[in-house]
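Peer 1: Below is the sequence, then the predicted model.
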Amino acid sequence: MSHTAERVGPDAAAPPAVTILLVEDDEVIRRSVAMALERYGYRVVTAEDGLTGLELFREGRHDLLLLDVMLPGLDGIGLCRRIRETGTDPILLMSARGDALDVVSGLEAGADDYVVKPVDTAVLVARIRSLLRRATFAPAAAPAATAATTAGPGRPGAIGDGSGKVDEGPRHARLVFGDLAVDTGGLEVTLSGEPVALAPTELRLLLEFAASPGIVLDRQTLLRNVWDYGWDGDTRVVDLCVQRLRKKIGAERIETVRGFGYKLRR
Amino acid sequence: MENLRGLLHWRSLRWRIALLVAVACGAMALTVGLLVHRSTYERSVNDGAAKAHSVLETALGSDDPDAGGSLVHRTEEMPPDLVREARDRGEAHVLDESKRYRPQMWAARKLPGGQLVAVSVDMTPDQLSRAALDRHMWQYSLLVLAVVVPLSALAAELPNRRLRRVARTALRIEGGDLAARTGMRGRTGDEIAEISGTVDSMADSLRERLLNEQRFTADVAHELRTPLMGLVTSAELLPESEATDLVRDRVQVLRTLVEDLLEISRLDAGVEQADLRPVALADFVAEALARTGAEARLAVRGAPAVARTDPRRLDRILANLVVNAHRHGRPPVDVGVDGTTVVVRDHGPGFPDSLLTEGPQRFRTGSAERGRGHGLGLTVAAGQAQLIGASLTFHNAADGGAVATLRLPPG
C-alpha cells in the first residue's frame, strides 16, 4: 500500500494550484489526510465543522470539496445540499457508514462520488483526480465552460492526465434533443433556451449519453467512462446521478431500460 | 389436502373433544333413562295394585256369581309370595312376572274365616308401553349423539385452527422469520389467546434482542472506523522502516477485521441486495485470483460457462476462500472451475469437524492445528453466497485437505 502511495505520489504531476477544502471534525483524520494530500502536491484548506466549511466554501478558494458526512452542526449531507444551491463544485463525500442511508442521501444531495472510511490515501487521491478530470476536462477551457463547470477563480486548466476520450479534440457540435441542447464544445446545456447549471459529473454523464443517443448504456460502462471505476464500482452512484440529471433536464429525456441501463431519448 | 389429513388425524384434539362430548351425553342419557324407567315401573306397579284391589273389592261385594267367577280361592294357584304376605298382613298384592309375556298383578285378602281369596289383573299393556318408552329413549339418545358429536367436532375446529396457527407461527419463528406473529393477542381472552400472546411477546423480545446485538456489532465496527481511518492515514505518513512495516501490517489486520464485522452485521440485518448480472466465470475467477495476490493453481474444465451473479460479492467469496486456504490449510491451493461450480481446495489438515457439521461460526477456527485467525472469512463467504443465491458447502478430501465447493446459478 505504502509503495503504491510512493509510486503514484507525483509531486510533479499535480499542479500546485489545486486546492482542496477538507471538512472533517476528527482532528487526527483532518490533519493526517491534509498532510497526506499535501504530499501529493495539493493545497489543503481545512474546516472542522459544517458551518465553517460553508464559510470557507463561500470564500471560493478551492477546486474540490472533501466532506465528512458526520459533522457537528451542519452535517456533510446538509452542507452538500447548501453548496449545490449555488455551486456546481466537485464534491467527494467521506462516509464512515457506507450503508444505503449515508451513500444514497449524500448522492441525492448532489455529491459526485463517495469513499468509505477508512480509505487509503492512494484510493482517495485516485477519486480526487477522477473528479477533477471531470470538472476540468473542457478541451479548450473556453470561458463559456465556466458557466457549466465550477466558477472558482484561478481554476487551473485540464489536469495533466485528463481523460483521453473527450480530450481527443474539440468537437464544437451542438446536439439537440427535443428542447434540450448540448454544446459539446462550449459545454453549455440549455433547456428550452434556458441555461442549465450541471455539476461536473452530471455534465460528464450527459455528454456520455449525448455521444450515443438512443443507444442503451449499461451502468458498468457509465461507471468506467464517467467515474473511472473498474469492475467493482457502486452502481448506485450512476442511478442517483441519473436521477439528479433527470430533475434538471426533464425526467422523460433519459429512459430506463430495465435490467440493462439507460438511454438518451433522441 | 392438508386440511383433510388434519381432519382425519385421529389424535387430533377435535376427536378427543367429540369423544368426551359423546361419553358425557351417553352417561346423561343412561341416567335419565334409568330414572324414567324406574319411576314408570313403580307407577305402573302402584296403578296395577290399586286396580287389582278394586277388582277384588268389587268381586267380593257383588252377589253376581259371574263377577265372583274371577276370584281365585285355591292357594296353589296363587304366587307363593302373595300367599305368605296375605297370611301375615291380611291383605297383599304382588306383581307376577314369572311368565315372560303375561305379567299379572295379584291382589289377595284374608277372609274372616282365615280363607284366602285373590284376583289377578293382566299387566301386558303396561309392560308393552314401558318397552316402547325404553325403545324411544334409546333411539332419541342415539339420534342426539349422532348430531351432537359431529357438531362438537366442528365446534372444536375453531380453537383447533387457532392452536394450529400458533404452532405454525412458532415454526416460522424457529425457521428464522422473526417478524412472524400470531396476531391473536388478547382477542378472546381464553387460554389460546394467552398462549398466542405469549408466543408473540416471546418473538418480540427475541427479535429485539437480536436486533440489539446486530446494532451493537454494527455500532462497534462503525465507531472503530473513524479512529481506524486516522490510524490508516497516519501510518501511511510514517517514514519507511521496519517498525513502520509492522505498524502498517497490524493496521491492515485491524482494518480487515472491522470490515468483516461490519459486513457480517449488514448481512445479518438483511439490508444487503445482490446486483446480479451475467459473468463469464472462468475469466472472472482468474482475475479474482490475480487480485488476491495469493498463489493458487487454476484448472478450468468443460466449456466456458456464464453464471448469473454479483461480481463484487463473488470476488469477496473467492478471495476469502483462497486466503482462508492459505491461512489455515497448506499450499498448494487448487482452484477448479467446472461449468458454474468453483472448487477451492488446499492440502492442509482439512476443516475441523465443527465447521463440517455446523457451518462457519464467527470467531471460531475450531482446532488448534488449523492455525490462527478470526474465523470471520468463511462466515462472510457463506453469508455472501446465500445472498447471491449460490450454495457454499465444505467437506474434507479423502486424501486430506479442505474442499470448499461454490455452486453458482447459471446465467
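Peer 2: Perfect, thanks for sending it. Numbering: from 1, shown residues only, chains lettered A, B, ... in the order given.

Peer 1: Just give the number of residues close to residue B:15.
Peer 2: 16 (other Cβ atoms under 10 Å in any protein chain shown). Just so you know, the C-beta spots here come from the backbone N, C-alpha and C atoms, and that holds for glycine as well.

Peer 1: State the mean pLDDT of whichever strand or helix holds it.
Peer 2: Using DSSP states H and E, residue B:15 sits within helix B:13-61. Regarding helix B:13-61, the rounded mean pLDDT is 88.

Peer 1: Can you get me the centre-to-centre distance for that helix and its chain?
Peer 2: Taking Cα atoms, centre = their mean, to the nearest Å, one finds helix B:13-61 lying 47 Å from the centre of the chain it belongs to.

Peer 1: Against which helices or strands is it packed?
Peer 2: helix B:65-68, strand B:91-96, strand B:104-110, strand B:116-122, helix B:124-174 (3 or more Cβ pairs under 8 Å, 6 or more residues apart in numbering or on different chains; DSSP states H and E).

Peer 1: Name every strand pairing with the third one and say which way it goes.
Peer 2: Sheet pairing for strand B:104-110, assigned by DSSP bridges, gives strand B:91-96 (antiparallel), strand B:116-122 (antiparallel).

Peer 1: Could you export the ones you listed to TSV, including columns for mean pLDDT?
Peer 2: Conversion of those to TSV gives the following (pLDDT from 0 to 100):
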stretch	mean pLDDT
strand B:91-96	87
strand B:116-122	87
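
Peer 1: now the end-to-end length of stretch B:267-287.
Peer 2: By Cα to Cα, to the nearest Å, the extent of stretch B:267-287 from end to end equals 25 Å.

Peer 1: how close does the closest residue to residue B:195 other than its chain neighbours sit to residue B:9?
Peer 2: Counting by Cβ to Cβ, 6 or more residues apart in numbering or on different chains, residue B:166 is the residue found nearest to residue B:195 once chain neighbours are left out, at 5.9 Å. From residue B:166 across to residue B:9, the span is 17 Å (Cβ to Cβ, to the nearest Å).

Peer 1: More neighbours: which of the two?
Peer 2: residue B:166 (19 against 11).

Peer 1: And the pLDDT for the more buried one?
Peer 2: At residue B:166, pLDDT is 88.

Peer 1: my read: it touches residue B:192, true?
Peer 2: Yes: between residue B:166 and residue B:192 there is a contact under Cβ atoms under 8 Å: 7.1 Å.

Peer 1: May I have the phi/psi pair for residue A:113?
Peer 2: phi -160, psi 170 (degrees, to the nearest 10).

Peer 1: returning to that earlier point: what sits against the residue nearest to residue B:195?
Peer 2: Contact analysis of residue B:166 by Cβ atoms under 8 Å, 6 or more residues apart in numbering or on different chains lists B:182, B:184, B:192, B:195, B:196, B:199.

Peer 1: Would you point out the most distant pair within those residues?
Peer 2: Using Cβ to Cβ, the pair of the contacts of residue B:166 lying farthest apart is B:192 and B:199, separated by 10.5 Å.

Peer 1: Contact distance from chain A - what residues of the stretch 101-250 of chain B qualify?
Peer 2: Within the stretch 101-250 of chain B, the residues that sit near chain A (Cβ under 8 Å from any Cβ of the partner chain) are B:222, B:225-234, B:236-237, B:240, B:244, B:248.

Peer 1: Only the buried subset of these, as a PyMOL command please.
Peer 2: This is the PyMOL syntax for the buried subset of those, where burial follows 16 or more other Cβ atoms under 10 Å in any protein chain shown:
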select buried, chain B and resi 222+225+226+228+229+230+231+232+233+234+236+237+248
